[in-house]
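have a look at this fold, sequence not included:
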């Protein structure tokens, strides 16, 4: 017999800013009030775009805010705890004061027990604590309350890999129910068993964990696109864009992943045998000419502790370097050494003369809240130079998943994820051949992470990424620099899973279940995980039409690219719209059609290329 829910919200609807955030009728969704039921032991992923209302829904469940309509029920005796993304520490002198303060505070000894496992000193002053220390203190407070239902809003933000592993282990043994919002695909895939999808005012539930969410999403959008044939043109266009946009992006990323794997294989061939941390130098001058950062026997010591032990690395143009390790292991020090922000105690770091860098860090709060989106992106104008190409600010905002209507919205009104996207849009427009990304995935939703993956893959220069997001690293980097806290830097071709596989591999000479790659580790391993799609085992034969399309599409794609460039050049004339708005509209439509045809042609050719190569 099915157990009754421990929490229910029936007929839920909420207005925000004069519109129905969810649960109310909308022009596009016709959404009905939301019904939500949480059963004992539920492990729920709450998915939705930035601005869909995910955090607001958790606050409604927690009872922090009231709905406009609906009835909230909680089973008597159920202890509900909300781990907020950014709890307020200002009233508290120390982290311990925060952890045992307020209503329903846990016992001090319970908090201390969990804090000890998380490695956090709760006597630390709250005002000077880092984001990671505050997150650990918040976790200690939440978990020590022995909740029956816990709401987790981005629980892995600011946590290092060791703390994420600990949290995953705790939740895997936890007997209660939880609902979590997270951008960490690995975390969601490992822990969730059902999915709540908040989309355009509607809440859907499916008894499948996050691992099956993307296939479910595509099925829903495809069905909407078919049903839209019977509805008005506007709805048909939106449903078509959603279905095509989601599917097209994933297909393009399949091709990018194939390219990434090829790049990893090339770099693996340059890595020397086990026990040394140096990339072999190619004998030809071409390899040397492509080098943009050369670290030769560099090291750094603070006091008596060796933060970075001597190692060498040659970074080529186009490399994507991921830096991983626990907090305090030396990631920031290594990054500063490679960018020459600090000097090495030994050896040298040489940069190519043409190297120009852009740093994208976690300082999203430094965006002026009173400034408008237009001011941040285009200094108040209508046009922006995007790495040497002039684009209209509204078109550029669409590239970063913004509604162009937000162009004059103040930054302070945007969500944390939208501010992160805005910062990315501004920085990626700048002309540079080196991008330095410090925890770029914090506060981003899954769609924006896909977009960021795309932008990094298409970037012509070199990328240095510090991140604790395992899946993101698996999808973006060609080389991982792993730090274990001893000062040793492991250089591994591949992403986080490849570094983890190397750490867990048996010693040299030990038996292994699979063929080892060059350097004594499995360069193709995924560490038992399945973070990214793999190539099919077999490929069907090409028909005559397939073969012809495979041969002629590259030329057609080049023609379309030329037409798009020509159209964008005409549109860059600031007086065109004023002088001839009809021609402006015609050219804009032509460019949009050319882009759509180009996307379709690229998808078709990528599919055929996979068949040929298979």
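Right, received. Where do you want to start? Nothing here was measured: the structure is a model prediction, and the numbers come from that model.

before we move on, which element is residue 555 in?
Counting by DSSP states H and E, the secondary-structure element that holds residue 555 is helix 544-571.

roughly how far out does that helix sit from the chain middle?
Remark: helix 544-571 is offset 31 Å from the chain centroid, using Cα atoms, centre = their mean, to the nearest Å.

tell me the helix or strand right after it.
Per DSSP H and E, the first helix or strand lying C-terminal to helix 544-571 is helix 576-579.

now that next one, how far from the centre of its chain.
Distance, centroid of helix 576-579 to centroid of chain: 39 Å (Cα atoms, centre = their mean).

now the helix or strand just after that helix: buried residues?
Tracing the chain C-terminally past helix 576-579 and defining elements by DSSP H and E, one meets helix 581-613 next. Buried residues in helix 581-613, counting neighbours by 16 or more other Cβ atoms under 10 Å, are found at 584, 587-588, 590-591, 594-595, 597-599, 601-608, 610-611. From N, CA and C alone the C-beta is placed, and that goes for glycine too.

dump the residue contacts of residue 62.
80, 82, 151 (Cβ atoms under 8 Å, 6 or more residues apart in numbering).

mind listing which of those are in helices?
Assigned to helices by DSSP state H, none of the contacts of residue 62 qualify.

include neighbour count and distance to residue 199 when you put the residues you listed into a markdown table, please.
Putting the contacts of residue 62 into a markdown table (neighbours: other Cβ atoms under 10 Å; distance: Cβ to Cβ, whole Å) gives the following:
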| residue | neighbour count | distance to residue 199 |
| --- | --- | --- |
| 80 | 21 | 25 |
| 82 | 19 | 23 |
| 151 | 27 | 20 |
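
quick check: the gap between residue 319 and residue 377.
Separation of residue 319 from residue 377 (Cβ to Cβ, to the nearest Å) stands at 29 Å.

for residue 93, the count of nearby residues, please.
Close neighbours of residue 93, defined as other Cβ atoms under 10 Å, add up to 13.

one more: residue 207?
The tally of other residues near residue 207 (other Cβ under 10 Å) stands at 9.

how far away from the center of its chain is stretch 256-273?
Between the mean C-alpha location of stretch 256-273 and the chain-wide mean there is a distance of 22 Å, by Cα atoms, centre = their mean.

can you give me the strands in the stretch 401-550 of the chain?
Taking DSSP state E, counting those that start in this stretch as the criterion, the stretch 401-550 of the chain carries its strands at 434-438, 462-466, 479-483, 489-493.

okay, the ones you listed in a markdown table with mean pLDDT, distance to residue 415 and mean neighbour count next?
Putting the strands of the stretch 401-550 of the chain into a markdown table (pLDDT from 0 to 100; distance: least, Cβ to Cβ, whole Å; neighbours: other Cβ atoms under 10 Å) gives the following:
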| stretch | mean pLDDT | distance to residue 415 | mean neighbour count |
| --- | --- | --- | --- |
| strand 434-438 | 88 | 20 | 22 |
| strand 462-466 | 93 | 23 | 23 |
| strand 479-483 | 94 | 31 | 24 |
| strand 489-493 | 92 | 36 | 24 |
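
dump these into a markdown table; add distance to residue 499 as well.
Written out in a markdown table, the entries for these read as follows (distance: least, Cβ to Cβ, whole Å):
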| stretch | distance to residue 499 |
| --- | --- |
| strand 434-438 | 18 |
| strand 462-466 | 13 |
| strand 479-483 | 4 |
| strand 489-493 | 5 |
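
of those strands, which is nearest residue 19?
Residue 19 sits nearest to strand 434-438 of all the strands of the stretch 401-550 of the chain, at 34.0 Å, using Cβ to Cβ.

got the angle between that closest one and strand 462-466?
Between strand 434-438 and strand 462-466, the angle formed by their directions is 10 degrees, by axes from the mean of the first three to the mean of the last three Cα atoms, to 10 degrees.

so what's residue 259 up against?
So, once contact is read as Cβ under 8 Å, 6+ apart, residue 259 ends up touching residue 457.
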